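# the following block contains a protein sequence and its predicted model.
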Amino acid sequence: MTQSTSAPEQSHYRICPLCEACCGLEVRTQGEKIISIRGAEHDVFSHGYICPKGVSLKDLHEDPDRLRTPLIKRDGEFIEASWEEAFAEISKRLPPLIAAHGSDTVGCIVGNPVAHKIGLLAYFPRLVRAIGTRNIFSASSLDQIPKQLSSGLMFGDWNAVAVPDIERTDFMLILGANPMVSNGSLWTVPDYRGKARAMRERGGRIVVVDPRRTETAAQADMHIPIKPGGDAFFLLGLVHTLFAENWVRLGHLEPHLAGLDALREAVRPFSPERMAPGCGIDADTQRRIAGELAQAERAVVYGRIGTCTQRFGTINSWLVDVLNILTGNLDREGGAMFTKAAAFAVNTSGTPGQGRGVITGRRHSRVSKAPEVFGEFPITCVAEEIETPGPGQIKALICIGSNPVLSTPQGPRIAKALSSLSFMLSLDIYLNETSCHADVILPGLSPLEDVHYDIAFPQFSYRNHARFSGAVFAKPPGQPQEWQTLLHLADILQGKPEAPLAGPEHGPEALIDQALRAGPYGLTLDQVKAAPGGIDLGALQSRMPEMLRTPSGKIELAPPMVLADLAHVEAALNTVPEGMLLIGRRDVRSGNSWMHNLPVLAKGPERCTLLMHPQDAARLGLAQGALAQLSAQGTTLSAPVDISDDMMPGVVSLPHGWGHDLPGSQLQVAARRPGINLNALLSDGARDPLSGNAVLSGVPVQVSAMA
Ligand SMILES: Nc1nc2c(c(=O)[nH]1)N[C@H]1C(S)=C(S)[C@@H](COP(=O)(O)OP(=O)(O)OC[C@H]3O[C@@H](n4cnc5c(=O)[nH]c(N)nc54)[C@H](O)[C@@H]3O)O[C@H]1N2
Ligand SMILES: Nc1nc2c(c(=O)[nH]1)N[C@H]1C(S)=C(S)[C@@H](COP(=O)(O)OP(=O)(O)OC[C@H]3O[C@@H](n4cnc5c(=O)[nH]c(N)nc54)[C@H](O)[C@@H]3O)O[C@H]1N2
Ligand code: SF4
Ligand SMILES: [Mo]
């Protein structure tokens, strides 16, 4: 990299791709050098907000471990290769496997960063189509698929997720989310902290339901500790109370609802008294919160990953919106509202007010018979699909921006399965715990070398907007854009390995322009590019019934598959999990499994620690900093204890995405403080059967002091 100190300083605008807040950043450069990264004050959406991860884009860009050249494995060792050689290797090895075993022999795993890079998100479906495989897996089934399913069933579109109108609400009930640290999820809301503070300053109240007194709970008016996995009980207690106390106020929603009577009948058995033992929240508190929701002028319930990564993830996600509806707060200022994205939204295209809705289970996974949801199978099925012989067995894998060895339950089993594949291709920017099992690794560009327009997150934003960012630096000569790589792989699989790389007329900019023109504001890409800091499209507005895409043209309050699952909630009331319960957590200076190699984030105290209540620590004879032994699923690991009365007694917390001490990776910084892999302790058989989402929270674990 040349450092031309005489070059003029320049300012560039870039949307941060490192989390869902999508902050606009100002990147100052001089020649090839990054001088500073700050929040862009002129960004119409994030107004200068930035977190420490945004700053780390400099470290990411400059990271010597970040791959810049394809790697091919020869005799167990990776060697650097040209793009031509890498594509030739793929042409030689992948098509014959498909010819011999059929399309389903190729599995595809799509990871979290794909959602943040338009070149990957918009173009991986073309690769999947070219293969024709049904074996698609993604991080969605470790995360938000229950909410997408409940939204799909109720409103007819997988992405019709209602978000809190935080700037106008008076009362916010938050469950299983820590936006102070995560910066929000399925809710694009840069500077949650500032917005929550402003809300409270104008007299609003925030209540947080979480097994840990999180940073979000500490800043709120009230924290209610809940037994991990107990949200279905708590939320059912609330819904029951609204009916029982005659607090249901449907308001403007009344003409748009279907299934109200079925819902009332279905929740009748779930009184707060019966629910209290399951959630650990007494009946009075349940009634009080139901009353606050019902009586607030404008209120909203928001549930996020802690409510999804449970056995009853879909039921929880559904109940959150049921509460918003029964209190008249859905689709209303200060309630839970639907964004109107400028481009790419299903709920702004087709016939307003009616659509095909969503269906699941069009096919089932081969081994566990898990239903397909949103076009994919649960990622916790991937190991068994590789291990189990027979027609349709996965023998080749394409892994795009995903690190399942650390991010998915039973990661070590997945690692073993990956090493048994006939061929594996990784599209990744690191040689890490997962990509080290590949035969070929094709690197992506640094985000600063790439143009960007968010497809997904403007559909979940606290305000309507359209923003585009150009590349800060030219891409390295000879390296394809990630979308070109994907299209070229599609060519290879369609028998056209000689085809040239696709030109810009096939690229993201043409796609964005088309989508904006077809979108509800009739914008063009040139207009968005010309607006510094993006175009503000205003506060969220009521969209009922225009945004609905259900076949009935109504909000479906009582989807049959969800009501049927309530019988299992009943049954679960009588089963109490034994031992300590393990939950996860996120850290401001971390991002899932792959940012631990960035020096600016890696500095500071040890982050992979086990949080534990003082009573539990005393009972187990564990002092602050001592090593605790954790056993589950036949695996035993140890982590230093961090004693904290923020934890609920009987619950311990460990972050995910650690365990960087596996052989084969090239992550110099991360390897210095590797941490342990939480997912080695979790079961890959525990899922929400409706959505296929993994159970990552409230998992029984044996804890003891190290001998
Ligand atoms: N126990 C437990 N497990 C969890 C969670 C939890 O809360 N608890 N959270 C889950 C959640 S919400 C998620 S989203 C998943 C995330 O899990 P994954 O989807 O596996 O994503 P990451 O762990 O972020 O790994 C991202 C991979 O993409 C690579 N990468 C980064 N940027 C790029 C790029 O620009 N191009 C390409 N091609 N590759 C790139 C990284 O090097 C890394 O290998 O983890 C889940 N796992
Ligand atoms: N700094 C940082 N930011 C991130 C990420 C990161 O790794 N680091 N990851 C990004 C990703 S991929 C995602 S999906 C989002 C997630 O964003 P959030 O949904 O805000 O995720 P968390 O911070 O994990 O918050 C989940 C909360 O649920 C609580 N919880 C656990 N079990 C239960 C339960 O049974 N019931 C209830 N009510 N609560 C429970 C946990 O204690 C935790 O406080 O964050 C994104 N932002
Ligand atoms: S909050 Fe998220 S989008 Fe904003 S700077 Fe931090 S990582 Fe980037
Ligand atoms: Mo996620």
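Now that the structure is in, tell me what you want to look at. Ligands and ions are numbered 1, 2, ... in the order given.
# buried ones in the longest helix anywhere in the chain?
In the chain, assigned by DSSP state H, the helix with the most residues is helix 83-101. Going by neighbour count (16 or more other CB atoms under 10 Å), the buried part of helix 83-101 is 83, 86, 87, 88, 89, 90, 91, 93, 94, 97, 98, 101. For every residue, glycine as well, the C-beta is placed using N, CA and C.
# tell me which parts of the stretch 601-707 of the chain are close to ligand 2?
The interface of the stretch 601-707 of the chain toward ligand 2, taken as CB under 6 Å from any ligand atom, is made up of 697, 698.
# and the closest residue to ligand 3 within the stretch 601-707 of the chain, what element?
Nearest residue of the stretch 601-707 of the chain to ligand 3: residue 601, at 10.3 Å (CB to the nearest ligand atom). Per DSSP states H and E, residue 601 falls inside helix 599-602.
# give the other helices and strands that that helix contacts.
The contact analysis (3 or more CB pairs under 8 Å, 6 or more residues apart in numbering; DSSP states H and E) places helix 599-602 against helix 52-55, helix 57-62, helix 668-672.
# and after it, which helix or strand comes next?
Per DSSP H and E, the first helix or strand lying C-terminal to helix 599-602 is strand 610-612.
# for that following strand, packing partners?
Counting by 3+ CB pairs under 8 Å, 6+ apart, strand 610-612 packs on strand 627-632, strand 635-643, strand 651-653.
# okay, the helix holding residue 601 in CSV with CA atoms only?
Extracted C-alpha coordinates of helix 599-602, given in CSV (Å, rounded to 0.1, in the frame of the first residue of the first chain):
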residue,chain,number,x,y,z
PRO,A,599,-6.8,-4.2,17.2
VAL,A,600,-9.0,-1.2,18.1
LEU,A,601,-11.7,-3.6,19.2
ALA,A,602,-9.5,-6.3,20.7
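# I'd like the average pLDDT over it.
For helix 599-602, the mean pLDDT works out to 96.
# deepest-packed of the helices and strands packed on strand 610-612, please.
Mean neighbour count, computed with mean count of other CB atoms under 10 Å, is highest for strand 651-653 among those, reaching a mean of 24.
# quick one: name the residues of this protein near ligand 2.
19, 112, 143, 175-179, 181-183, 185, 209-212, 214, 226, 228-229, 231, 304-307, 310, 583-588, 590-592, 697-698.
# now narrow these to whatever sits close to ligand 1.
Okay, of these touching ligand 1 (CB under 6 Å from any ligand atom), that's 112, 143, 305, 584, 592.
# got JSON lines for these, with secondary structure, distance to ligand 3 and pLDDT too?
Formatted as JSON lines, those follow (DSSP: H, G, I helix; E, B strand; the rest coil; distance: CB to the nearest ligand atom, whole Å; pLDDT from 0 to 100):
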{"residue": "112", "secondary structure": "helix", "distance to ligand 3": "12", "pLDDT": "98"}
{"residue": "143", "secondary structure": "coil", "distance to ligand 3": "16", "pLDDT": "98"}
{"residue": "305", "secondary structure": "helix", "distance to ligand 3": "15", "pLDDT": "98"}
{"residue": "584", "secondary structure": "coil", "distance to ligand 3": "18", "pLDDT": "97"}
{"residue": "592", "secondary structure": "coil", "distance to ligand 3": "12", "pLDDT": "97"}
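# ok, the helix holding residue 601 near ligand 1 or not?
No - counting by CB under 6 Å from any ligand atom, ligand 1 is not contacted by helix 599-602; separation bottoms out at 13.3 Å.
# which stretches of the stretch 401-550 of the chain form helices?
Assigned by DSSP state H, counting those that start in this stretch, the helices in the stretch 401-550 of the chain fall at 404-407, 411-419, 482-493, 508-518, 525-530.
# do you know which of those helices lies nearest ligand 1?
Nearest to ligand 1, of the helices of the stretch 401-550 of the chain and by CB to the nearest ligand atom, is helix 404-407 at 3.2 Å.
# centre of the chain to that closest one, how far?
Relative to its chain's centre, helix 404-407 lies at 14 Å (CA atoms, centre = their mean, to the nearest Å).
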